[in-house]
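J.: Need a 3D model of the following:
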Amino acid sequence: MSKIKPYKDSDLSKKEQVTKMFDTISGEYDNLNRVISFGIDIKWRDKVVKIVEDAQPENILDIATGTGDLAISLAKTSATKIIGLDISAGMLEVGKVKIKSKKLDDKIEMIIGDSENLPFDDNTFDAITVAFGIRNFEHLEKGLADILRVLKPGGTFVILETSVPTKTPYKQGYAFHSKVILPMVGKLFSKDKTAYTYLSDSANVFPFGEQLNNILRKVGFINVEDLPQTFGVATIYKASK
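T.: From the prediction side, this is the model:
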């Protein structure tokens, strides 16, 4: 399990540090993400949307919604209500501007909240998503257990998260990108010079593939499946309750 924190010399908890980090980089986050991922992350999110769409949900919770990219894409589904939840007020403010510009205020609500202590009743949501946020949970199993709690029986849970390629030459290319390119871009263009080093390091130690599948099963999810994307640099996980 990842023990990496954004600021190694800080006495703050991981949760507090992650909040501070994303508040700081919120204004630059979208543009830097497009550059760093070469825009491929958009295709990955589209695949998540398709999985959720097939479940025909009425309501959706998007956890660690950040600036709302996935929540906005999920507006294409049959859902009449989408809630985007994040611990960073700065990221949410950027997301609210994007949602308003797309005139989706009536469908998408952005709220501040803790993924490990969700402010919702049991069995509330038909579908729950987390894109590039689950590795930032301070207590992974606790967060997943609370997601299971608020998911309706038969509901769909989808994770999109970075993973580490295991085959040559993709693993070498990934290592170069994550250890050299990502931190360099962060140092050159980010207000927080350590943020993109943390994002790289945390991705490299986070459990993926069958490891994460087993954690999901241990928490109580069923029908768990992982779908590697783009040579394994990201993975989509599907599960249900």
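J.: so where's the chain uncertain?
T.: Across the chain, the ranges flagged by pLDDT under 70 are 1-3, 7-9.
J.: Specify the helix with the largest residue count in it.
T.: Criterion DSSP state H: the longest helix present in the chain is helix 14-37.
J.: counting contacts, what elements does that one pack onto?
T.: helix 89-101, helix 182-189, helix 195-205 (3 or more Cβ pairs under 8 Å, 6 or more residues apart in numbering; DSSP states H and E). All C-beta spots, glycine's among them, are computed from the backbone N, C-alpha and C.
J.: tilt between the longest strand seen in the chain and helix 195-205?
T.: When the chain is parsed with DSSP state E, its longest strand is strand 151-162. For strand 151-162 against helix 195-205, the angle by axes from the mean of the first three to the mean of the last three Cα atoms, to 10 degrees is 110 degrees.
J.: List the pairing partners of strand 151-162 within its sheet, with orientation.
T.: Sheet pairing for strand 151-162, assigned by DSSP bridges, gives strand 125-131 (parallel), strand 234-240 (antiparallel).
J.: what's in contact with the first one?
T.: Under the contact criterion Cβ atoms under 8 Å, 6 or more residues apart in numbering, strand 125-131 has outside partners 44-45, 48, 52, 55-64, 66, 69-70, 74, 79, 115, 147, 150-152, 155-161.
J.: now swap in stretch 90-101 and tell me
T.: 22-24, 26-27, 29-30, 65-68, 71-72, 84, 86, 105, 108, 110-112.
J.: Repeat the analysis, applying 6 Å as the threshold.
T.: Residues from elsewhere that reach stretch 90-101, judged by Cβ atoms under 6 Å, 6 or more residues apart in numbering: Phe22, Asp23, Ser26, Gly66, Thr67, Gly68, Asp86, Ile108, Met110.
J.: CA atoms only: put that stretch into PDB for me.
T.: Taking Å, rounded to 0.1, in the frame of the first residue of the first chain, the C-alpha atoms of stretch 90-101 are listed here in PDB:
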ATOM      1  CA  GLY A  90      -9.800  24.700  -5.300                       C
ATOM      2  CA  MET A  91     -10.400  21.900  -7.800                       C
ATOM      3  CA  LEU A  92     -14.200  22.100  -7.300                       C
ATOM      4  CA  GLU A  93     -14.200  25.800  -8.000                       C
ATOM      5  CA  VAL A  94     -12.500  25.200 -11.400                       C
ATOM      6  CA  GLY A  95     -15.100  22.400 -12.000                       C
ATOM      7  CA  LYS A  96     -18.000  24.600 -11.200                       C
ATOM      8  CA  VAL A  97     -16.900  27.200 -13.800                       C
ATOM      9  CA  LYS A  98     -16.600  24.400 -16.500                       C
ATOM     10  CA  ILE A  99     -20.000  23.000 -15.600                       C
ATOM     11  CA  LYS A 100     -21.700  26.400 -15.700                       C
ATOM     12  CA  SER A 101     -20.100  27.200 -19.100                       C
END
